[in-house]
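> here is the input, now give the coordinates:
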Amino acid sequence: MNIAFVAHDSKKKLMQNFCIAYRGILCKHELYATGTTGRLVEEVTNLSVHKFLAGHLGGVQQMATQMEQNQIDMLIFLRDANAPKPHDPDINNIFRLCDMHNIPLATNLATAELLIKSLDRGDLDWRDIYKQ
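Below is the predicted model:
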């Protein structure tokens with residue numbers, strides 16, 4: 001499965017810790033991330049991450065393109081809901097794309113853990129059929 005990661009600045013350390021904790025599951029999948037998030041995850045996990053541009057420099061738009069082509073199976077977006085971002089329209093667009101293409105989306109740690117554990121159990125294998 002193709003798993004995408006985005007983390008706002010205040011959530012990047014949390015994303016690193018999440019990826020360390022679930023490295024054993026993540027290593028079985030293709031990982032994608034916006035630039036800085038991808039680099040930070042790679043540094044602490046030694047996992048290979050396909051990196052887009054930084055989110056505010058167009059990385060979120062690049063990810064949206066992948067989603068439109070049904071090439072992302074899950075999105076974990078640890079966001080700071082208290083700090084509006086200038087690229088919020090792009091962020092809202094990828095949330096809309098998740099809804100349109102039935103892409104599981106987590107925006108907080110609790111849901112991210114549920115999705116990763118479901119992925120490990122095979123509960124998300126339906127995405128392979130959905131993509132065909």
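
> can we go C-alpha only for contacts and neighbour counts from here?
Fine.

> tell me which element H50 falls in.
strand 49-51 (DSSP states H and E).

> that strand: what's the following helix or strand?
Counting by DSSP H and E, what follows strand 49-51 is helix 59-68.

> I'd like to know which elements that next one is packed against.
Using 3 or more Cα pairs under 8 Å, 6 or more residues apart in numbering; DSSP states H and E as the contact test, the elements touching helix 59-68 are helix 88-100.

> list of residues touching the helix it packs on?
V60, Q61, M63, A64, M67, E68, I103, P104, L105 (Cα atoms under 8 Å, 6 or more residues apart in numbering).

> in ChimeraX, select just the buried ones from those.
Under the burial definition 16 or more other Cα atoms under 10 Å, those of the contacts of helix 88-100 that qualify are selected in ChimeraX by:
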select :60,61,63,64,67,103,104,105
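
> from the contacts of helix 88-100, which is closest to L14?
Set against L14, the nearest of the contacts of helix 88-100 by Cα to Cα is L105 (16.8 Å).

> name the nearest residue to L119, ignoring sequence neighbours.
Spatial nearest neighbour of L119, excluding adjacent residues (Cα to Cα, 6 or more residues apart in numbering): D125 at 7.6 Å.

> give me the helix or strand of the protein that scores worst on average pLDDT.
Using mean pLDDT, DSSP states H and E, helix 126-131 stands out as the lowest-scoring helix or strand of the chain, at a mean of 77.

> which regions of this protein sit below the pLDDT cut-off?
Along the chain, the model assigns pLDDT under 70 to residues 84-88, 130-132.

> hmm, try it at 90
In the predicted model of the chain, residues 54-60, 70, 80-92, 125-132 satisfy pLDDT under 90.

> just the buried residues of stretch 26-40, please?
For stretch 26-40, a neighbour-count test (16+ other Cα under 10 Å) marks L26, E30, L31, Y32, A33, T34, G35, T36, T37, G38, R39, L40 as buried.

> and which of the contacts of helix 88-100 is nearest A83?
V60 (17.0 Å).

> for the closest one, give its distance to D120.
The gap separating V60 from D120 is 26 Å, by Cα to Cα, to the nearest Å.
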